[in-house]
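K.L.:
Output the structure for:
(one chain, ligands or ions: 2)
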Amino acid sequence: AARAVVVVAAGSGTRLGIGTAKAFVPVAGELMLARALRTLFTLAEPTTVVVVAPADRLDECRALVAAVAGAAVGYTAVVPGGADRHASVQAGLAVLPDSVQAVLVHDAARCLTPASQFERVFAAVASGSVGALPDGRADADGLGVGVVPALPVVDTVKRVEGDRVVGTVDRSALVGVQTPQGFPLAGLRRAYALAEQAETDDAGVFQAAGGTVRTVAGDADAFKITTRWDLGRAEALVAERAA
Ligand code: CTP
Ligand code: MG
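P.N.:
Numbers count the residues shown, from 1 in each chain. Ligands and ions are numbered 1, 2, ... in the order given. Below is the predicted model of the structure:
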């Protein structure tokens, strides 16, 4: 397939505090990773899927991918993750076939992200052709254009020094970003090869290497399950979708 999604699912879920790798925690009866994958296998175009899993759960993860994929065809691979998200993303990028043009990197922990968000990011990557920037300038570094789903920041944001407020940040110039984040595969691989420090944000790695990043609309349902509160929110959302 010309399109691929790398799902990073190798984290330990420390903040959730359940004692199980987060991707293997059930959300209203279905594992977080299974929910994330189920959406991928409904996408309109054939999509290569790579899952980056905890090293001690590879077999379990392969069985889960096979069960969720069912009759859906396409290349899938399950590979062990690294010590941090940065290393896990690199492990996933390493096994993608070179025929892949656009790659999306997605957090398994954003397991309720709607298919429409994947399609929106793929479409934006495809339209930001390699070699030219959206405004027509030449793309000197040739990394191409990356795409992040973003939502406005709703809270009032203050800058602080210790507990002392030193100012209010102009919220209109800020967004919160989600996943999947999309890139031309060659450009993202090059950016990761050039990275001098580990980052948890793929667009940050891409931009540090000289790539251009644009935003598309995010979706509230693409929130990341980090804490118990988020897990409760996810379960409420599943119940709401079923009603
Ligand atoms: N991730 C990964 N490999 C790591 C660390 C994180 O693949 N070494 C993945 C997680 O599985 C998750 C995504 O990156 O899907 C976002 O990370 P985060 O929400 O921080 O998950 P955890 O690292 O598992 O959680 P915590 O930081 O609370 O331990
Ligand atoms: Mg983490």
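K.L.:
Closest residue of this structure to ligand 1?
P.N.:
residue 11 (2.1 Å; C-beta to the nearest ligand atom). The C-beta positions use only the backbone N, C-alpha and C, and glycine is treated the same way.
K.L.:
That residue is in contact with residue 89, isn't it?
P.N.:
No: if you go by C-beta atoms under 8 Å, residue 11 and residue 89 don't touch, sitting 11.7 Å apart.
K.L.:
These two: who's more crowded?
P.N.:
Between residue 11 and residue 89, counting by other C-beta atoms under 10 Å, residue 89 is the more crowded of the two (26 against 20).
K.L.:
these two touch, right, the more buried one and residue 104?
P.N.:
No: judged on C-beta under 8 Å, residue 89 makes no contact with residue 104 at a distance of 11.3 Å.
K.L.:
Now for those two: what residues contact both?
P.N.:
Counting by C-beta atoms under 8 Å, 6 or more residues apart in numbering, the common neighbours of residue 89 and residue 104 are residue 6.
K.L.:
In the sheet, which residues pair with the residue of the chain most remote from its centre? Tell me.
P.N.:
Taking C-alpha atoms, centre = their mean, the residue of the chain most remote from its mean C-alpha position is residue 164, at 34.8 Å. Taking DSSP bridges as the rule, residue 164 bridges to residue 161.
K.L.:
Write out the residues of the protein neighbouring ligand 1.
P.N.:
Residues of the chain found near ligand 1 (C-beta under 6 Å from any ligand atom) are 8-15, 22-23, 52, 81-85, 88, 107-109, 224, 226.
K.L.:
Going along the chain, name the helices of this protein.
P.N.:
32-40, 58-69, 85-94, 115-127, 185-194, 202-208, 228-242 (DSSP state H).
K.L.:
buried subset of the residues of the chain next to ligand 1?
P.N.:
8-11, 13, 22-23, 52, 81-82, 85, 88, 107-109, 224 (16 or more other C-beta atoms under 10 Å).
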